[in-house]
Structure formats: C-alpha cells, structure tokens
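S.K.: Here is my input; please provide its structure:
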Amino acid sequence: MDHQKINAVVTANNAAVGRGDMAGVLATFEENGALVGQPDMVAQGRQALEAAFAGFMGIKPQITVTAHDVIVAGDIALHSSTWTLTGAAPDGSKIAQSGFSTVVLRQQADGAWLMVIDNPFGDLLLQAA
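M.R.: All right, here's what the predicted structure looks like:
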C-alpha cells in the first residue's frame, strides 16, 4: 500500500512539472525539501524550489518513469527510478534526456508521503567513472 502512495507522489510531481503547475509541484515536497536542479546545485526550501522548477518548466518537460523500485524503512522511503524526458529548448529544438533518479520521502503525521530530497542525477557518479 505504501509503495503505491509513494509512487503516486513521484507521479504527481512529474505530472505537475509537465503541466507547469507550481502549486502542484510544491505540494509534493516537505516545506524544507531539496532538489538537485543541476549536478552539484541543490535548491532547498520553498523559494529555492520554486526558482529551480520555474526555470525547468520553461522547457515544457514531459517525464516518464520507465522502471522504479521502492524501499520503505519506517517513515522513510527511497524511490529509485529510471526516467526519460522530452521537452523543447527556447530556440524550439527538441530536448531528450534519460537518467536514474533517487528520491527520499518521509511519511507525514496524516499518513501522506512527501518528498524530502529529489535527485534526478542519481547516475552522475557512474557517468564520471
């Protein structure tokens, strides 16, 4: 049951990003949540998350999770997934990317799960090796 709820949070985040729905994106994060918006650049807290996602939403990204795994330990969960992304650069050229994401979530007092850390560049170390 928790696996479905956790997957639903990640899916809701990806869908909100694709729609350009900032309120929907922020609703999937804890208040002091963090996003690795670019390698070695962490945005933490509502204002920083909003700034990071505003720039990202400019490419109108459509994100698809291609495979995922969830590990739950008490009120903490790790969601790992492979993903693909399509979008459009400001000049209209097509963008296509793929990668491996790690997301840490925490179960809230009401039973809901929220993202604490979102790192869509989970495979960066492998690429550097």
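
S.K.: ranges for the helices of this protein?
M.R.: When assigned using DSSP state H, the helices of the chain occupy the ranges 2-19, 22-26, 46-57, 124-128.

S.K.: low pLDDT regions in this structure?
M.R.: Applying pLDDT under 70 to the chain picks out residues 125, 128-129.

S.K.: redo that, cut-off 80
M.R.: Applying pLDDT under 80 to the chain picks out residues 1, 124-129.

S.K.: any idea how far the residue lying farthest from the centre of the chain is from residue 62?
M.R.: Most distant residue from the mean C-alpha position of the chain: residue 91, 25.0 Å away (Cα atoms, centre = their mean). Going from residue 91 to residue 62 by Cβ to Cβ, to the nearest Å gives 18 Å. Bear in mind the C-beta positions are built from the backbone N, C-alpha and C, glycine included.

S.K.: Among the helices of the chain, single out whichever gets nearest to residue 74.
M.R.: Residue 74 sits nearest to helix 2-19 of all the helices of the chain, at 10.6 Å, using Cβ to Cβ.
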